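*Asks:* Sequence and predicted structure below; questions after.
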Amino acid sequence: MTRTRIAKVLQDSQPGEQIDVRGWVRTRRDSKQAFSFIELNDGSCMKNLQIVVDADVPGYEETIKQVTTGASVAITGEVKESPGKGQRIELAAKTLKLLGVADGQTYPLQKKGHSFEFLRDIAHLRPRTNTFSAIGRVRNVVCDSIHRFFQSRGFLYVQTPIITTSDCEGAGAMFQVTTLDPEKPPRDDKGNVDYAEDFFGKKASLTVSGQLEAEIFACSLGECYTFGPTFRAENSNTTRHLAEFWMVEPEMPFYELTDNMELAEAFVKTIINDVLERCPDDMQFFNERIDKTVLDTLNNIVSHEFKRVAYTEAVDILLSSGQTFDYPIEWGKDMQSEHERYLTEQHFRQPIIVYDYPRTIKPFYMRCNDDGKTVRAMDVLVPRVGEIIGGSQREERLDVLLKRMEECHLDPAEYWWYVELRKFGTVPHSGFGLGLERVIQLVTGMTNIRDCIPFHRTPKSADF
């Protein structure tokens, strides 16, 4: 008999059907009438399947006491109508097989509340909890939605390198990749580490973004996107930062900033609608147990056109708000999360796209405006999370790009191939980046981004 997932059993199975289910025991309770109730979950859905095991099931006496919380079992039986309140069916067991025991004295996930901080220390077991099994299913739907969104629009999926020799952001917060002996690295005649002796013959790092490489394909094959892990060596111990996270980055030739905005808005709305449609039970759980505003927040996002607000206007609104911010704002400074949330949650009460940021606070590759002060950058801001997408129209003019690189103290020789794209058939093009874990924060209501990725990588933490 083929194993049936519990989600399918609960949705489709009818009384009289013979099925085989397997999973992990959430609870077991014994009746004085010589039978037991097992609540079984296999991760396919939020709900458990109730199984009734009579004493006449072969091996009942020897086995049932070992069927504790966390144990794994295989059960065959007949689907029955359930007399229990709130459940359509249950399973009357015919066979019960213990696959793996779980010592009730040491199994950490007993039937009680556990803090998220505690669960981070047992990340190998936390997917068995309601919260993290729901996060896993939602994350899966979000990833599927991302691919479907771009594939349905004819975008090419490009795998950009994890190991790189260029810093896309120019900020230097990169993890170095080397095979040199850290105790005795080779030195050149000036006493500096000689990276010519390293594996790649030069200094290499883990990527902070696949954008620059994606631009190559956008300027050759058309609309494309990259979706993979990225790395930032920032010593940021906050609820919003990870050292390793997943990023989706589309790049589109012949797109100007307004086209970029339209695509970003459609992208966010599509992801949210897909999650609401495909994960209703999980979303109801998050709304009831994690954040009672989650569904209202998401419905607010999908029901509004994202208002376009120039950076200068946004700063003026913040300055005249009468609010006391932890980080004072003025023209020329980057907005912090508190500023973004004020704009989206209190002033506009809806998602907005802020554009035309000061050139001095943005990377070299963003297209300069004619005013000489701003670049064609955009940030999509949503209630509760703040920035969820950052992007821009790229600088396609060779002379302006070289000037910007000089301003940012970057050596064009190190970006020779990127510069050559502006020599050979340059075109206007645009793109943006969306951090997967920020989306998971948004749609689940989780407050700490470390709980939005299976295994978090943060300063002093690289377990599992």
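*Replies:* Done, it's in. Residues are numbered from 1 along each chain as shown.

*Asks:* Would you map the helices across the protein?
*Replies:* 6-12, 60-63, 116-120, 130-151, 211-221, 257-278, 280-285, 294-303, 311-319, 337-341, 398-407, 416-420, 436-444 (DSSP state H).

*Asks:* To Val380, which of the ones you listed lies closest?
*Replies:* Among the helices of the chain, the nearest to Val380 by C-beta to C-beta is helix 257-278 (5.3 Å). (Glycine included, C-beta is placed from N, CA and C.)

*Asks:* And that closest one, what's buried?
*Replies:* For helix 257-278, burial by neighbour count (16 or more other C-beta atoms under 10 Å) applies to 257, 260-261, 263-265, 267-272, 274-276, 278.

*Asks:* That one packs against which elements?
*Replies:* helix 130-151, strand 244-253, helix 294-303, strand 352-358, strand 374-382, strand 386-393, strand 429-435, helix 436-444 (3 or more C-beta pairs under 8 Å, 6 or more residues apart in numbering; DSSP states H and E).

*Asks:* Report the angle between the first one and helix 257-278.
*Replies:* Spelled out, that is helix 130-151. Angle of helix 130-151 versus helix 257-278, following axes from the mean of the first three to the mean of the last three C-alpha atoms, to 10 degrees, is 140 degrees.

*Asks:* So what's the gap between helix 130-151 and the chain middle?
*Replies:* 9 Å (C-alpha atoms, centre = their mean, to the nearest Å).

*Asks:* quick check: mean pLDDT across it?
*Replies:* Averaging pLDDT along helix 130-151 yields 98.

*Asks:* Quick one, which of the helices of the chain gets closest to Lys47.
*Replies:* Closest among the helices of the chain, once you apply C-beta to C-beta, is helix 6-12, at 5.8 Å.

*Asks:* by how many degrees do the lengthiest strand in the chain and helix 130-151 diverge?
*Replies:* Identified as the longest strand of the chain according to DSSP state E is strand 18-31. Angle between the axes of strand 18-31 and helix 130-151 is 150 degrees (criterion: the same axes, to 10 degrees).

*Asks:* now for strand 18-31, which elements pack on it?
*Replies:* Strand 18-31 is packed against helix 6-12, strand 35-41, strand 49-54, strand 72-81, strand 89-100, with contacts defined by 3+ C-beta pairs under 8 Å, 6+ apart.

*Asks:* which strands and helices sit next to the longest one?
*Replies:* Think strand 89-100. Checked by 3+ C-beta pairs under 8 Å, 6+ apart, strand 89-100 has helix 6-12, strand 18-31, strand 49-54, helix 60-63, strand 72-81 packed alongside it.

*Asks:* contacting residues around the residue lying closest to Asp326 once chain neighbours are set aside?
*Replies:* Closest residue to Asp326 apart from its sequence neighbours, by C-beta to C-beta, 6 or more residues apart in numbering: Glu338 at 6.1 Å. The neighbours of Glu338, taking C-beta atoms under 8 Å, 6 or more residues apart in numbering as the test, are 325-327.

*Asks:* With Tyr157 instead?
*Replies:* 147, 150-151, 224-227.

*Asks:* PyMOL command to pick out the buried ones of those?
*Replies:* Selection of buried members from these for PyMOL, criterion 16+ other C-beta under 10 Å:
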select buried, resi 150+224+225+226+227
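
*Asks:* okay if I get the contacts of Tyr157 as CSV plus distance to Lys97?
*Replies:* As requested, the contacts of Tyr157 are exported to CSV (distance: C-beta to C-beta, whole Å):
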residue, distance to Lys97
His147, 38
Phe150, 44
Gln151, 42
Cys224, 49
Tyr225, 46
Thr226, 45
Phe227, 40
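
*Asks:* of the contacts of Tyr157, closest to Ser166?
*Replies:* When the contacts of Tyr157 are compared for distance to Ser166 (C-beta to C-beta), Thr226 comes out closest, at 14.7 Å.

*Asks:* do you know how far the nearest residue to that closest one once chain neighbours are set aside is from Ile162?
*Replies:* Excluding the flanking residues, the one nearest Thr226 by C-beta to C-beta, 6+ apart is Gly210, at 4.0 Å. Gly210 is 9 Å from Ile162, where distance means C-beta to C-beta, to the nearest Å.

*Asks:* Also Pro351?
*Replies:* Pro351 is 32 Å from Ile162, by C-beta to C-beta.

*Asks:* Over to Glu305?
*Replies:* With C-beta to C-beta as the criterion, Glu305 and Ile162 are 37 Å apart.

*Asks:* Who has more neighbours out of the two?
*Replies:* Neighbours were counted for Glu305 and for Ile162 using other C-beta atoms under 10 Å; Ile162 has more, 14 against 9.

*Asks:* what touches both of Gly210 and Ile162?
*Replies:* Residues touching both Gly210 and Ile162 (C-beta under 8 Å, 6+ apart): Gly228.

*Asks:* just to revisit the earlier point, export the helices and strands packed on strand 18-31 to TSV and append columns for mean neighbour count, distance to Val138 and mean pLDDT.
*Replies:* Shown next, in TSV, are the helices and strands packed on strand 18-31 (neighbours: other C-beta atoms under 10 Å; distance: least, C-beta to C-beta, whole Å; pLDDT from 0 to 100):
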stretch	mean neighbour count	distance to Val138	mean pLDDT
helix 6-12	16	14	97
strand 35-41	19	16	97
strand 49-54	21	21	97
strand 72-81	18	24	98
strand 89-100	17	26	97
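
*Asks:* and Ser430, which of those is closest to it?
*Replies:* Going by C-beta to C-beta, the one of the helices and strands packed on strand 18-31 nearest Ser430 is helix 6-12, 40.0 Å.

*Asks:* residues making contact with that closest one?
*Replies:* The contact list for helix 6-12, computed with C-beta under 8 Å, 6+ apart, reads 19, 21, 23, 40-42, 44-45, 47-49, 79, 88-89, 91.
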